[in-house]
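K.L.:
model this:
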Amino acid sequence: MNAAYVHLLLNHVPVLGVLFALALLAAALARRNETLLRAGWVTLVVVALVALPVYFTGDGAKRDKDGNFWLLGRVDDVMNVAGHRISTMEVESALVDHPAVAEAAVVGRTHDLKGTAIVAFVTIKDGHPATKDAGSFGPGLMDDLKEHVVKKIGKIARPDEILFTADLPKTRSGKIMRRLLRDIAEGKAVGDTTTLADPNVIARLKSKYEEQEG
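P.N.:
Now for the predicted structure:
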């Protein structure tokens, strides 16, 4: 159930509920039926509770087969890959789980067949080569990281692209600006960078990404 559907329900259920409750009360009065009367009042109370203001935080979660809840991050950071909803945080966690990875940021870009392609920007720990042809992990570090994600999550979450970088675009408070990474992956003009601790990071990333894609 997505956010739009929840919003639709919250806006229409109270109206339908009130109409149903009024119909019950009208029938109860016409028939002098106490059971219908109680049902009408109970329905009104339930509708009143449903109609109370609801704050949607925008955070998503999933429940596994063991009944545990997994936080998936922001709902707007959930990618629709070939009909499967995958959290960017979920893929990032799988990448960071690899012993070579220091940090990772994942975004989605438009894909003609799958709807969304997974693009990962990865920083490597000191002592590990950070090129797609690195031989420290089998056929190459890039392929090794992709297979690591497949092992942790599944084939559907396999990153389409991985870009190795020394730095990620962060604000002065340390927050990664995924919006700017998405602009780079989509080949769009990069948005406002005034809040970045080092605006030059974006220029370097954009140049490297275009070079890798070209």
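K.L.:
And Val42, how close does it get to Leu25?
P.N.:
Noted for Val42: a distance of 11 Å to Leu25, by CB to CB, to the nearest Å. Every residue, glycine included, has its C-beta placed from N, CA and C.
K.L.:
The two: which has the busier surroundings?
P.N.:
Leu25 (17 against 12; other CB atoms under 10 Å).
K.L.:
Helix or strand next in line after the helix or strand hosting the more buried one, which one?
P.N.:
Using DSSP states H and E, Leu25 maps to helix 3-31. The C-terminal neighbour of helix 3-31 among helices and strands, as given by DSSP H and E, is helix 34-50.
K.L.:
Can you name the residues that contact Val101?
P.N.:
Val101 makes contact with 95, 122-125, 145, according to CB atoms under 8 Å, 6 or more residues apart in numbering.
K.L.:
What helices and strands are in contact with the one helix or strand Tyr209 maps to?
P.N.:
For Tyr209, the element it lies in under DSSP H and E is helix 200-213. Applying 3 or more CB pairs under 8 Å, 6 or more residues apart in numbering; DSSP states H and E, one finds that helix 200-213 contacts strand 161-164, helix 178-186.
K.L.:
how much does that helix deviate in direction from helix 178-186?
P.N.:
30 degrees (axes from the mean of the first three to the mean of the last three CA atoms, to 10 degrees).
K.L.:
Under the pLDDT cut-off, which ranges of the chain? List them.
P.N.:
Confidence mapping of the chain against pLDDT under 70 gives the ranges 1-15, 17, 48, 50-60, 62, 71-76, 128-139, 213-214.
K.L.:
run the last query once more with 90
P.N.:
In the predicted model, the chain carries pLDDT under 90 at residues 1-80, 83-90, 93, 99, 124-142, 164-167, 171-179, 187-214.
K.L.:
sorry, back to before: may I have the helix holding Tyr209 exported as CSV, CA atoms only?
P.N.:
The C-alpha coordinates for helix 200-213 follow below in CSV (Å, rounded to 0.1, in the frame of the first residue of the first chain):
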residue,chain,number,x,y,z
ASN,A,200,34.1,20.8,-5.9
VAL,A,201,33.1,17.2,-5.1
ILE,A,202,30.1,17.4,-7.4
ALA,A,203,32.2,18.6,-10.4
ARG,A,204,34.7,15.8,-9.9
LEU,A,205,31.9,13.2,-9.6
LYS,A,206,30.0,14.5,-12.6
SER,A,207,33.2,14.4,-14.7
LYS,A,208,34.1,10.9,-13.6
TYR,A,209,30.6,9.5,-14.1
GLU,A,210,30.3,10.9,-17.6
GLU,A,211,33.8,9.5,-18.4
GLN,A,212,32.7,6.0,-17.1
GLU,A,213,29.4,6.2,-19.0
